[in-house]
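Q: Predicted model, plus sequence, below.
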Amino acid sequence: MKLLSILVCGLIISANLRAVAHQSWELAGARERIAAHRMGDFNLRFLLPDGSLLKSGANYQLEQTGHSFRFGGSLASDWQAPKQDWYDDFKALFANLFNYATIDFYWAVHEKKPGGWSYNPDSREKLNWAKSQGMTLRGHPLMWHEVLPDFMTDSERDTSDIEADILSHVNRLLTNFPEIDEWDVYNEAPGIKWREKKEGVRRWFESVGGPSEVTEKMIRTARSIHPKGRYIVNHYTDLDLEYEELIEHCLSTGADFEVIGIQTHMHTEMDSIDESRLWKALETYSRFGKPLHLSEISILSCERFSDWDSYNAWKDKVDAYDARGQDRPTIPSTPELERYQAELTSDFYTLAFSHPAVEAIIWWTITDVEPWRGMPAGLLNTEGNPKPVYVVLDNLINKQWRTRMEGTLDLTSSLQGRGFYGDYNIKIKHNGHNYRAEFNLERGMKEPLTLNLKAE
């Protein structure tokens, strides 16, 4: 009878999975907005090592070496990646796309008992590696009501003790990890409603007042410890009015923060983002005058669930396997849906990159090895090889949205052009000698820039 119920459950889940073809977005005006908001003009003059002005006729090669825009990936979710024999390739492929890395600080992973904090070695290795690559680091999170040690959910503990632990934990992270450039200050605060009312963390949450008041408290706490920190509010949906109220509350009470994060995990049809919904979300949240991060993107290469009931049944199944330490069941990725994933990603990134309020776009799951929720949404397959979606992002980030120029300096001995904001390298050949220089193309740069050439 038990086997029969499992088979019936599987059939019900299968019946509620749905595959769809991607309908290309219109992207009206996107190319023009990208040119207007992501690019700027430059006017370069060059001085030779002896201080003399470089004359016309020299050959040059100019190449953008880094983006000002934050193209990000998560190093917080691929727990099996460090165990693969292709882990070095994983890191090389990650670095090829991304200049911004999310690093995990899930409390229960690093502390099981009070006072037993020990930062996971794999997490530390990824943090150190990303920093060595010059990536901006995002700590995820300072506080969240999920992935907590048991002593934080204990229904018998006094809320004052729970708050003391939370404040101590926030202080520990901000003090012991100064290399982290910015933090998700409280993750998904309105989502506390999904926790049991008797749990310690929820009782503490409600004793403070609610999502708005808790977020305000966490921002003020973080700011008192690290006043110059860069802090992010973040939520799992763009459609929650309580999230907008939370933002308004913090701004009106002077609990200021730097960034608004919006997640877009597309595991069901209800959560799938079309062109009009994405644009509406960006317009809605840009009214607060803060940079926007599309902070956790999941676009599947497997079938999605058509309703919440079937998705929740699947999620319960996955959670049960995880709790038993068994290999996680996974819905298969297919070639057809990998094409869908790639096509939707191209449109999604193009529209997001074109919106002037967006500062960062962050892909969540990098590989399909034991994927989150058992639903593959990776850029790499289970063997660590790039999927079509990876090729799409490589083409956008490293080709379409990266500036390269070459030619000969004209009679003015200067070089004028237009490029994407970011870091540049220029190589010049003059009278049989090779020279180089670097510069950063910044927004609002109007005056000519004189570069001191160095001999190679």
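A: Received, thanks.
Q: Go ahead and confirm residue 281 touches residue 237.
A: No. Look at residue 281 against residue 237 with C-beta atoms under 8 Å: they stay out of range, at 9.2 Å. Where C-beta positions appear, they are placed from N, C-alpha and C, glycine not excepted.
Q: Quick check: neighbours shared by these two?
A: residue 262 (C-beta atoms under 8 Å, 6 or more residues apart in numbering).
Q: neighbour count winner among the two?
A: residue 281 (20 against 16; other C-beta atoms under 10 Å).
Q: quick one, what contacts that one?
A: 238, 262, 273.
Q: Repeat that for residue 55.
A: 409, 413, 430.
Q: Please apply the same query to residue 104.
A: 75-77, 120, 123, 140.
Q: Also residue 296?
A: Applying C-beta under 8 Å, 6+ apart, the residues near residue 296 are 74, 234, 236, 261, 263-265, 362, 364.
Q: mind checking how far it is from residue 53?
A: 50 Å (C-beta to C-beta, to the nearest Å).
Q: Residue 199: how many residues sit nearby?
A: 19.
Q: So for it, what's the nearest residue that isn't a sequence neighbour?
A: residue 153 (4.6 Å; C-beta to C-beta, 6 or more residues apart in numbering).
Q: Surely that neighbour and residue 203 touch.
A: No. Contact criterion C-beta under 8 Å: residue 153 and residue 203 do not qualify, at 9.8 Å.
Q: before we move on, the earlier item: which of the contacts of residue 281 has the most neighbours?
A: residue 262 (25 neighbours).
Q: ok, it - contacts?
A: Residue 262 neighbours (C-beta under 8 Å, 6+ apart): 234-235, 237-238, 281, 285, 292-295.
Q: Only whichever of these are buried, select them in ChimeraX.
A: Buried residues among the contacts of residue 262 (16 or more other C-beta atoms under 10 Å), as a ChimeraX selection:
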select :234,235,237,238,281,285,292,293,294,295
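Q: Would you mind measuring from residue 54 to residue 444?
A: Distance from residue 54 to residue 444, by C-beta to C-beta: 26 Å.
Q: who has more neighbours, the two?
A: Neighbours per residue, other C-beta under 10 Å: of residue 54 and residue 444, the larger number sits with residue 54, 21 against 6.
Q: In which helix or strand does the spatially closest residue to that one that is not a sequence neighbour reside?
A: Here the nearest residue to residue 54 in space, its sequence neighbours aside, is residue 46; by C-beta to C-beta, 6+ apart that works out to 3.9 Å. Following DSSP states H and E, one finds residue 46 within strand 39-47.
Q: If you count neighbours, what's buried in stretch 162-174?
A: Buried-residue list, stretch 162-174, by 16+ other C-beta under 10 Å: 162-163, 165-167, 169-170, 173-174.
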